[in-house]
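> need coordinates for the following:
(chains A and B)
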Amino acid sequence: DAEITQSPRHKITETGRQVTLACHQTWNHNNMFWYRQDLGHGLRLIHYSYGVQDTNKGEVSDGYSVSRSNTEDLPLTLESAASSQTSVYFCASSAWGNQPQHFGDGTRLSIL
Amino acid sequence: ELKVEQNPLFLSMQEGKNYTIYCNYSTTSDRLYWYRQDPGKSLESLFVLLSNGAVKQEGRLMASLDTKARLSTLHITAAVHDLSATYFCAVPGGNYGGSQGNLIFGKGTKLSVKP
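Below is the predicted model of the structure:
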């Protein structure tokens, strides 16, 4: 069965370190997304991609970057982790058109 | 800027009762999505509403869309404990490529169904 997997599921790191969260989907979807989920804010869009070599900034992109070198993967990098980036991060993918997004299980990231 | 507002944000219900969750959005959209999230889990797609007047039902949940009023409702009939979860509505994302699948989410409604 097709799926979308995120790794690691949990991570603790220190401020100032670079952190990369992985997202891999086997749906063969063109569209991929990264969200962060915080209490009181719901899900907020960080970055998104419509295909290989395409990346775009979302609502809360400062301090984050992504790259899309193939269809399956969209890694999210925190260039210099800050405590304000402690959150749960979700990756999602979708086909074109009106299809709903499929979500990964999330990565809980704590920055001390 | 597109805003998606849900109310209530917290809802405590007794089993067997009916209730409605409301989702308002600020700019024109002909699509709306509902998701469910169990504690500590991922988001699961519940309904995709694609036109004005669309109604979808699954089990004790029924969702509808009024694009003229920019309003969607998620109605719960005869609630049971298994429906306890957080429910999110989402609308194609305006400035962030909404026509191509990006979504802006409401803050979620945390539903707790008590015996």
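> C-alpha from now on. contacts and neighbour counts both.
Noted.
> and the closest residue to chain A within chain B, how far is that from B:Gln37?
Of all residues in chain B, B:Lys107 sits closest to chain A, at 3.9 Å by Cα to the nearest Cα. Applying Cα to Cα, to the nearest Å, the value for B:Lys107 to B:Gln37 is 12 Å.
> what does A:Leu43 give?
From A:Leu43 across to B:Gln37, the span is 12 Å (Cα to Cα).
> more neighbours, those two?
A:Leu43 (23 against 18; other Cα atoms under 10 Å in any protein chain shown).
> centre-most residue in the chain?
Defaulting to chain A. Nearest residue to the geometric centre of chain A (Cα atoms, centre = their mean): A:Trp34, 3.1 Å.
> wait, chain B
Nearest to the geometric centre of chain B sits B:Cys89, at 3.6 Å (Cα atoms, centre = their mean).
> what helix or strand does the residue lying closest to that one once chain neighbours are set aside sit in?
Using Cα to Cα, 6 or more residues apart in numbering or on different chains and skipping residues adjacent in sequence, the residue nearest B:Cys89 is B:Trp34, 4.5 Å away. With elements taken from DSSP states H and E, the one containing B:Trp34 is strand B:32-37.
> adjacent strands (with direction) for that strand?
Using DSSP bridges, strand B:32-37 pairs in its sheet with strand B:43-49 (antiparallel), strand B:85-92 (antiparallel).
> so which of these is the most packed in?
Mean neighbours per residue, mean count of other Cα atoms under 10 Å in any protein chain shown, is largest over the strands paired with strand B:32-37 for strand B:85-92, with a mean of 25.
> after that one, which helix or strand is next?
Counting by DSSP H and E, what follows strand B:85-92 is strand B:103-105.
> circling back: now list whatever residues contact both of B:Lys107 and B:Gln37.
With contacts defined as Cα atoms under 8 Å, 6 or more residues apart in numbering or on different chains, the residues shared by B:Lys107 and B:Gln37 are B:Phe88.
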